[in-house]
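Trainee: Dropping a prediction and its sequence here:
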Amino acid sequence: MKASLILSSVFLTFGLATPTLQATPVPCSGNQKSHVLLDTEYNLLGSPSQQTNIEIFNGGCLLITGNLTGIFDNSVSSLSPNGQRGLLRTLYDFPNCPVSGDRVTFTGRVNDLRLLRPNLDNRGSSILCT
């Protein structure tokens, strides 16, 4: 009994038993802007030429093809919002953030777009902060 209490306190002390907390999603509002780092490599390990930090305004659809150099259209494998935490951002597989088609909404870092459903690895063409 004494050994299990000591072991339990060790796990709690080192955070091994601490549950992971998810950020509560917050919609973009007003003139809020958001930044998202896009990378053509997984785990955001690409060189500077394989990354770009984009700025998105509330309700504005950013075309990865039109607003950025062509290497990022249908080439993003990982991404990470930076700046304001918990904002809802949506990656679309077609330009102009269409109502139909595949899309994935995220609030935090995504190391591998292949793991999301739908899989938008190397398919993202536009992004929206909503």
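Mentor: Everything's here; your move.
Trainee: all contacts plus neighbour counts: C-alpha atoms, from now on.
Mentor: Noted.
Trainee: so where's this structure uncertain?
Mentor: 1-31, 65-70, 83-85 (pLDDT under 70).
Trainee: and residue 50, how far is that from residue 64?
Mentor: 14 Å (CA to CA, to the nearest Å).
Trainee: what does residue 87 give?
Mentor: Residue 87 is 19 Å from residue 64, by CA to CA.
Trainee: same deal with residue 43?
Mentor: Distance of residue 43 to residue 64, computed by CA to CA: 19 Å.
Trainee: Name the residue in those two with the higher neighbour count.
Mentor: Using other CA atoms under 10 Å as the criterion, residue 43 and residue 64 rank with residue 64 on top: 26 against 16.
Trainee: Correct me if wrong: the more buried one contacts residue 73.
Mentor: Yes - with contacts counted by CA atoms under 8 Å, residue 64 reaches residue 73, the gap being 5.3 Å.
Trainee: any common contacting residues for these two?
Mentor: 124-125 (CA atoms under 8 Å, 6 or more residues apart in numbering).
Trainee: Would you map the helices across the protein?
Mentor: 2-13, 64-67 (DSSP state H).
Trainee: contacting residues around the nearest residue to residue 98 once chain neighbours are set aside?
Mentor: The shortest distance from residue 98 to any non-neighbouring residue, by CA to CA, 6 or more residues apart in numbering, is to residue 92 (7.4 Å). By CA under 8 Å, 6+ apart, residue 92 lies in contact with 98, 101-104, 120, 123-127.
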